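Visitor: build me a model:
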Amino acid sequence: MKRKALFIINPVAGGKKKDDVPALIERNLDKAVFEHTIVFSDGVRHAHTIAKEAIDKFELVVAVGGDGTVNEIASAITGSNTVMGVLPYGSGNGLSRFLSIPMDVEAAIRNLNNWHVESIDSATANGEWFFNMAGMGFDAHTAEVFSHEEKRGFSTYVNSAFHEIANYKADTYYIDIDGAKSQHEAFMLSFANSSQYGNNAHVSPHASVQDGLIDVCVIRPFPLWRFIEMGIRMFTKTSEGSKYVSIMRGKNIKVRRDKSGPMHLDGEPRIAGTEIEIVVVPSSLKIIAGENYRRKQ
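Guide: Next up, the predicted model:
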(Lines give C-alpha, C1' and ligand atoms only; values in the text may rest on other atoms or scores of the structure.)
Protein backbone atom coordinates (compact mmCIF):
# COMPACT_ATOMS: atom_id res chain seq x y z
CA MET A 1 0.00 0.00 0.00
CA LYS A 2 1.09 3.57 -0.64
CA ARG A 3 2.08 5.81 2.23
CA LYS A 4 -0.37 8.66 2.84
CA ALA A 5 1.43 11.99 3.03
CA LEU A 6 0.05 15.38 4.06
CA PHE A 7 1.90 18.56 3.08
CA ILE A 8 1.10 21.60 5.25
CA ILE A 9 2.27 24.78 3.55
CA ASN A 10 2.78 27.95 5.58
CA PRO A 11 2.25 30.63 2.90
CA VAL A 12 4.10 33.37 4.83
CA ALA A 13 7.13 31.46 6.20
CA GLY A 14 10.44 33.10 5.37
CA GLY A 15 8.73 35.78 3.32
CA LYS A 16 8.94 33.47 0.29
CA LYS A 17 6.18 32.73 -2.21
CA LYS A 18 5.07 29.12 -2.34
CA ASP A 19 2.55 29.14 -5.18
CA ASP A 20 4.71 26.71 -7.13
CA VAL A 21 5.14 24.18 -4.31
CA PRO A 22 2.19 21.93 -5.31
CA ALA A 23 3.62 21.60 -8.83
CA LEU A 24 7.09 20.85 -7.43
CA ILE A 25 5.63 18.14 -5.19
CA GLU A 26 3.74 16.67 -8.13
CA ARG A 27 6.93 16.56 -10.19
CA ASN A 28 9.35 15.19 -7.58
CA LEU A 29 7.41 13.00 -5.15
CA ASP A 30 7.48 9.28 -5.96
CA LYS A 31 3.86 8.43 -6.85
CA ALA A 32 4.60 4.73 -6.57
CA VAL A 33 5.36 5.23 -2.88
CA PHE A 34 3.12 8.11 -1.78
CA GLU A 35 -0.48 9.23 -2.05
CA HIS A 36 -0.40 12.89 -1.08
CA THR A 37 -2.68 15.72 0.04
CA ILE A 38 -1.75 19.42 0.18
CA VAL A 39 -3.24 22.06 2.47
CA PHE A 40 -2.30 25.68 3.21
CA SER A 41 -2.31 26.90 6.80
CA ASP A 42 -4.12 30.13 7.60
CA GLY A 43 -2.90 31.97 10.68
CA VAL A 44 -0.99 31.24 13.87
CA ARG A 45 -1.28 27.65 15.21
CA HIS A 46 -3.45 26.54 12.28
CA ALA A 47 -0.68 24.20 11.09
CA HIS A 48 -0.63 22.67 14.58
CA THR A 49 -4.37 22.00 14.45
CA ILE A 50 -4.15 20.44 10.99
CA ALA A 51 -1.26 18.20 12.04
CA LYS A 52 -3.03 17.11 15.21
CA GLU A 53 -6.01 15.98 13.17
CA ALA A 54 -3.70 14.11 10.76
CA ILE A 55 -2.39 11.65 13.36
CA ASP A 56 -3.45 8.08 12.50
CA LYS A 57 -4.79 9.32 9.14
CA PHE A 58 -1.43 10.05 7.52
CA GLU A 59 1.86 8.20 7.87
CA LEU A 60 3.81 11.32 6.91
CA VAL A 61 3.14 14.99 7.67
CA VAL A 62 5.43 17.47 5.91
CA ALA A 63 6.07 21.00 7.18
CA VAL A 64 6.60 23.44 4.33
CA GLY A 65 8.11 26.44 6.12
CA GLY A 66 10.79 27.43 8.61
CA ASP A 67 11.65 26.45 12.18
CA GLY A 68 8.46 28.06 13.50
CA THR A 69 6.32 25.95 11.16
CA VAL A 70 8.35 22.87 12.07
CA ASN A 71 7.65 23.62 15.74
CA GLU A 72 3.90 23.98 15.17
CA ILE A 73 3.66 20.64 13.37
CA ALA A 74 6.22 18.68 15.40
CA SER A 75 4.55 19.71 18.66
CA ALA A 76 1.32 18.19 17.35
CA ILE A 77 2.72 14.79 16.35
CA THR A 78 5.49 14.25 18.93
CA GLY A 79 5.05 10.91 20.66
CA SER A 80 2.92 9.46 17.86
CA ASN A 81 3.80 7.02 15.08
CA THR A 82 3.35 9.74 12.45
CA VAL A 83 6.59 10.65 10.69
CA MET A 84 7.53 14.27 9.98
CA GLY A 85 9.13 15.66 6.85
CA VAL A 86 10.40 19.17 6.14
CA LEU A 87 10.63 21.31 3.02
CA PRO A 88 12.77 24.21 4.32
CA TYR A 89 11.35 27.63 3.48
CA GLY A 90 12.34 29.65 6.54
CA SER A 91 14.84 32.37 7.36
CA GLY A 92 17.27 30.05 9.16
CA ASN A 93 16.11 26.42 8.79
CA GLY A 94 18.24 25.35 11.75
CA LEU A 95 16.88 21.85 12.34
CA SER A 96 16.73 21.07 8.62
CA ARG A 97 20.36 22.07 8.12
CA PHE A 98 21.44 20.02 11.14
CA LEU A 99 19.65 16.96 9.76
CA SER A 100 21.25 17.44 6.30
CA ILE A 101 17.88 18.06 4.65
CA PRO A 102 18.59 19.73 1.28
CA MET A 103 17.93 23.47 1.13
CA ASP A 104 16.88 23.14 -2.50
CA VAL A 105 13.14 22.46 -2.36
CA GLU A 106 13.00 19.97 -5.23
CA ALA A 107 15.91 18.04 -3.71
CA ALA A 108 14.15 18.13 -0.33
CA ILE A 109 11.02 16.63 -1.90
CA ARG A 110 13.06 13.87 -3.54
CA ASN A 111 14.73 13.29 -0.16
CA LEU A 112 11.34 12.25 1.24
CA ASN A 113 11.36 9.36 -1.22
CA ASN A 114 14.44 7.92 0.55
CA TRP A 115 12.47 7.46 3.80
CA HIS A 116 15.54 7.94 6.02
CA VAL A 117 13.63 8.10 9.30
CA GLU A 118 15.41 9.04 12.53
CA SER A 119 14.00 9.31 16.04
CA ILE A 120 15.19 12.55 17.64
CA ASP A 121 14.88 14.21 21.03
CA SER A 122 12.38 16.95 21.80
CA ALA A 123 12.30 19.28 24.79
CA THR A 124 9.86 21.43 26.70
CA ALA A 125 10.33 24.81 28.35
CA ASN A 126 7.64 25.29 31.01
CA GLY A 127 5.55 22.77 29.08
CA GLU A 128 6.00 24.36 25.63
CA TRP A 129 7.79 22.30 22.99
CA PHE A 130 10.96 23.12 21.12
CA PHE A 131 12.98 20.93 18.79
CA ASN A 132 15.99 22.90 17.59
CA MET A 133 16.89 25.77 19.92
CA ALA A 134 15.46 27.85 22.74
CA GLY A 135 17.02 30.86 24.36
CA MET A 136 16.93 33.85 26.65
CA GLY A 137 18.91 37.03 26.51
CA PHE A 138 20.07 38.82 23.39
CA ASP A 139 18.90 36.23 20.84
CA ALA A 140 15.42 36.19 22.39
CA HIS A 141 15.36 39.99 22.40
CA THR A 142 16.43 40.04 18.74
CA ALA A 143 13.82 37.40 17.84
CA GLU A 144 11.16 39.65 19.35
CA VAL A 145 12.38 42.65 17.33
CA PHE A 146 12.69 40.53 14.16
CA SER A 147 9.12 39.25 14.53
CA HIS A 148 7.83 42.80 13.95
CA GLU A 149 9.85 43.40 10.78
CA GLU A 150 7.90 43.45 7.52
CA LYS A 151 10.77 41.90 5.59
CA ARG A 152 12.00 38.46 6.64
CA GLY A 153 15.27 36.71 5.85
CA PHE A 154 18.79 36.36 7.22
CA SER A 155 19.94 39.86 6.27
CA THR A 156 17.01 41.44 8.12
CA TYR A 157 17.83 39.38 11.22
CA VAL A 158 21.49 40.46 11.11
CA ASN A 159 20.47 44.10 10.72
CA SER A 160 18.16 43.79 13.72
CA ALA A 161 21.01 42.29 15.78
CA PHE A 162 23.46 45.07 14.87
CA HIS A 163 20.86 47.70 15.65
CA GLU A 164 20.04 46.28 19.10
CA ILE A 165 23.39 45.12 20.45
CA ALA A 166 24.83 48.48 21.53
CA ASN A 167 22.11 49.09 24.12
CA TYR A 168 21.52 45.53 25.30
CA LYS A 169 22.34 44.76 28.95
CA ALA A 170 23.31 41.31 30.24
CA ASP A 171 21.23 39.54 32.91
CA THR A 172 22.10 37.27 35.81
CA TYR A 173 20.89 33.66 35.57
CA TYR A 174 20.80 31.05 38.33
CA ILE A 175 21.07 27.64 36.66
CA ASP A 176 20.43 24.15 38.03
CA ILE A 177 21.46 21.33 35.66
CA ASP A 178 20.51 17.92 37.04
CA GLY A 179 21.17 19.23 40.54
CA ALA A 180 24.45 21.07 39.79
CA LYS A 181 23.91 24.77 40.53
CA SER A 182 25.77 27.78 39.17
CA GLN A 183 25.32 31.51 38.67
CA HIS A 184 26.18 33.38 35.47
CA GLU A 185 26.06 36.88 34.09
CA ALA A 186 25.11 36.19 30.49
CA PHE A 187 24.66 38.21 27.33
CA MET A 188 22.86 35.20 25.90
CA LEU A 189 21.69 31.84 27.25
CA SER A 190 20.87 29.19 24.66
CA PHE A 191 19.41 25.72 25.06
CA ALA A 192 20.60 23.69 22.08
CA ASN A 193 19.05 20.45 20.95
CA SER A 194 20.81 20.71 17.60
CA SER A 195 24.07 22.58 17.19
CA GLN A 196 22.83 25.64 15.33
CA TYR A 197 20.41 28.55 15.27
CA GLY A 198 20.11 28.38 11.49
CA ASN A 199 22.08 29.55 8.47
CA ASN A 200 24.93 27.31 9.74
CA ALA A 201 25.59 29.50 12.81
CA HIS A 202 26.64 26.86 15.36
CA VAL A 203 26.43 27.91 19.00
CA SER A 204 27.16 24.39 20.29
CA PRO A 205 29.09 22.47 17.61
CA HIS A 206 28.99 19.11 19.41
CA ALA A 207 25.27 19.07 20.23
CA SER A 208 23.26 16.03 19.20
CA VAL A 209 19.51 15.61 18.76
CA GLN A 210 19.90 11.94 19.73
CA ASP A 211 21.88 11.98 22.98
CA GLY A 212 19.03 12.64 25.42
CA LEU A 213 20.68 15.91 26.51
CA ILE A 214 20.27 19.66 26.01
CA ASP A 215 23.40 21.78 25.65
CA VAL A 216 23.21 24.85 27.90
CA CYS A 217 25.31 27.54 26.21
CA VAL A 218 26.29 30.54 28.32
CA ILE A 219 27.68 33.46 26.34
CA ARG A 220 29.11 36.00 28.75
CA PRO A 221 29.26 39.75 28.05
CA PHE A 222 32.06 40.61 25.62
CA PRO A 223 33.44 43.86 24.22
CA LEU A 224 31.35 45.22 21.37
CA TRP A 225 34.35 45.21 19.06
CA ARG A 226 34.44 41.38 19.38
CA PHE A 227 30.88 40.94 18.09
CA ILE A 228 32.05 40.06 14.58
CA GLU A 229 34.62 37.63 15.98
CA MET A 230 31.88 35.87 17.98
CA GLY A 231 29.82 35.57 14.81
CA ILE A 232 32.75 34.15 12.86
CA ARG A 233 33.30 31.57 15.59
CA MET A 234 29.73 30.35 15.20
CA PHE A 235 30.06 30.02 11.43
CA THR A 236 33.38 28.16 11.79
CA LYS A 237 32.15 25.87 14.60
CA THR A 238 34.74 27.23 17.05
CA SER A 239 32.47 28.93 19.60
CA GLU A 240 33.69 26.66 22.43
CA GLY A 241 37.19 28.06 21.89
CA SER A 242 36.11 31.50 23.09
CA LYS A 243 36.77 32.51 26.69
CA TYR A 244 33.31 34.10 26.67
CA VAL A 245 31.50 30.79 26.00
CA SER A 246 30.75 27.93 28.40
CA ILE A 247 28.71 24.84 27.48
CA MET A 248 27.14 22.42 29.95
CA ARG A 249 24.82 19.50 29.27
CA GLY A 250 21.91 17.96 31.10
CA LYS A 251 18.45 16.39 31.05
CA ASN A 252 16.60 18.65 33.45
CA ILE A 253 17.49 22.33 33.52
CA LYS A 254 16.02 24.93 35.83
CA VAL A 255 16.76 28.62 35.28
CA ARG A 256 15.87 31.55 37.50
CA ARG A 257 16.31 35.22 36.65
CA ASP A 258 15.41 38.41 38.48
CA LYS A 259 12.67 39.61 36.12
CA SER A 260 10.40 38.34 33.37
CA GLY A 261 11.50 38.90 29.80
CA PRO A 262 11.70 37.56 26.25
CA MET A 263 12.37 33.93 25.47
CA HIS A 264 12.28 32.19 22.11
CA LEU A 265 11.36 28.63 21.20
CA ASP A 266 12.69 27.68 17.77
CA GLY A 267 12.99 31.36 16.96
CA GLU A 268 9.41 32.23 17.91
CA PRO A 269 9.37 34.87 20.68
CA ARG A 270 7.22 35.01 23.78
CA ILE A 271 7.45 36.57 27.24
CA ALA A 272 8.47 34.11 29.96
CA GLY A 273 8.54 34.48 33.72
CA THR A 274 11.40 34.43 36.19
CA GLU A 275 11.56 30.63 36.45
CA ILE A 276 11.93 28.29 33.48
CA GLU A 277 12.24 24.51 33.57
CA ILE A 278 13.53 22.65 30.52
CA VAL A 279 13.02 18.91 30.22
CA VAL A 280 14.32 16.59 27.49
CA VAL A 281 12.00 13.99 25.99
CA PRO A 282 14.35 11.49 24.30
CA SER A 283 13.62 9.87 20.92
CA SER A 284 10.12 11.38 20.81
CA LEU A 285 9.86 12.66 17.23
CA LYS A 286 10.20 10.61 14.06
CA ILE A 287 11.56 12.71 11.21
CA ILE A 288 12.97 12.13 7.72
CA ALA A 289 16.60 13.25 7.71
CA GLY A 290 18.82 13.86 4.71
CA GLU A 291 20.61 10.91 3.21
CA ASN A 292 23.96 12.40 4.34
CA TYR A 293 22.91 12.77 7.97
CA ARG A 294 24.95 10.73 10.40
CA ARG A 295 24.00 10.26 14.03
CA LYS A 296 26.26 12.27 16.36
CA GLN A 297 26.92 11.08 19.91
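
Visitor: got any ranges where the stretch 151-297 of the chain has weak pLDDT?
Guide: Applying pLDDT under 70 to the stretch 151-297 of the chain picks out residues 151-166, 296-297.

Visitor: which neighbouring elements make contact with the longest strand seen in the chain?
Guide: Selection of the longest strand in the chain by residue count, based on DSSP state E, yields strand 275-288. Here strand 275-288 touches helix 67-77, strand 83-88, helix 105-114, strand 117-125, strand 252-257, going by 3 or more C-beta pairs under 8 Å, 6 or more residues apart in numbering; DSSP states H and E. Glycine gets a C-beta too; all of them are placed from N, C-alpha and C.

Visitor: switch the cut-off to 6 Å
Guide: Here strand 275-288 touches strand 83-88, strand 117-125, strand 252-257, going by 3 or more C-beta pairs under 6 Å, 6 or more residues apart in numbering; DSSP states H and E.

Visitor: looking at the ones you listed, which is nearest to residue 173?
Guide: Set against residue 173 and scored by C-beta to C-beta, these come closest in strand 252-257, at 5.4 Å.

Visitor: give me the angle between the following helix or strand past the closest one and strand 117-125.
Guide: From strand 252-257 onward toward the C-terminus, using DSSP states H and E, the following helix or strand is strand 261-265. Counting by axes from the mean of the first three to the mean of the last three C-alpha atoms, to 10 degrees, strand 261-265 lies at 170 degrees to strand 117-125.

Visitor: note down every partner strand of strand 261-265 and its orientation.
Guide: Using DSSP bridges, strand 261-265 pairs in its sheet with strand 133-137 (antiparallel), strand 268-272 (antiparallel).

Visitor: chain center to the last one: distance?
Guide: In terms of C-alpha atoms, centre = their mean, to the nearest Å, the gap separating the centre of strand 268-272 from the centre of its chain is 14 Å.

Visitor: list the buried residues of that strand.
Guide: Residues of strand 268-272 classed as buried: 268, 269, 272 (neighbour count, 16 or more other C-beta atoms under 10 Å).

Visitor: cool, the first one as well?
Guide: By 16+ other C-beta under 10 Å, the buried positions in strand 133-137 come out as 133, 134, 135, 136, 137.

Visitor: run the angle between it and helix 67-77 for me.
Guide: Angle, strand 133-137 to helix 67-77, by the same axes, to 10 degrees: 120 degrees.

Visitor: quick one: mean pLDDT over strand 133-137.
Guide: Taken as a whole, strand 133-137 has an average pLDDT of 93.

Visitor: for it, the distance to its chain's centre please.
Guide: Per C-alpha atoms, centre = their mean, the centroid offset for strand 133-137 relative to its chain is 11 Å.

Visitor: related to what we said a few turns ago, nearest to residue 246 among the buried residues of strand 268-272?
Guide: When the buried residues of strand 268-272 are ranked by distance to residue 246 (C-beta to C-beta), residue 272 comes first, at 21.7 Å.

Visitor: that closest one contacts residue 263, doesn't it?
Guide: Yes. The pair formed by residue 272 and residue 263 meets the contact definition of C-beta atoms under 6 Å, at 3.9 Å.

Visitor: mind listing the helices for this structure?
Guide: Applying DSSP state H to the chain gives helices spanning 21-28, 46-54, 67-77, 94-98, 105-114, 138-147, 154-165, 227-235.

Visitor: ok, now which ones touch the residue nearest the centre of the chain?
Guide: Note on the chain: the residue nearest the mean C-alpha position is residue 132, at 3.2 Å, using C-alpha atoms, centre = their mean. By C-beta atoms under 6 Å, 6 or more residues apart in numbering, residue 132 lies in contact with 67, 94, 95, 193, 194, 266.

Visitor: repeat that with 8 Å
Guide: The neighbourhood of residue 132, defined by C-beta atoms under 8 Å, 6 or more residues apart in numbering, consists of 67, 70, 71, 94, 95, 98, 193, 194, 196, 198, 266, 267.

Visitor: what confidence value was assigned to the fifth one?
Guide: Put plainly, it is residue 95. Residue 95 is assigned a predicted lDDT (pLDDT) of 96.
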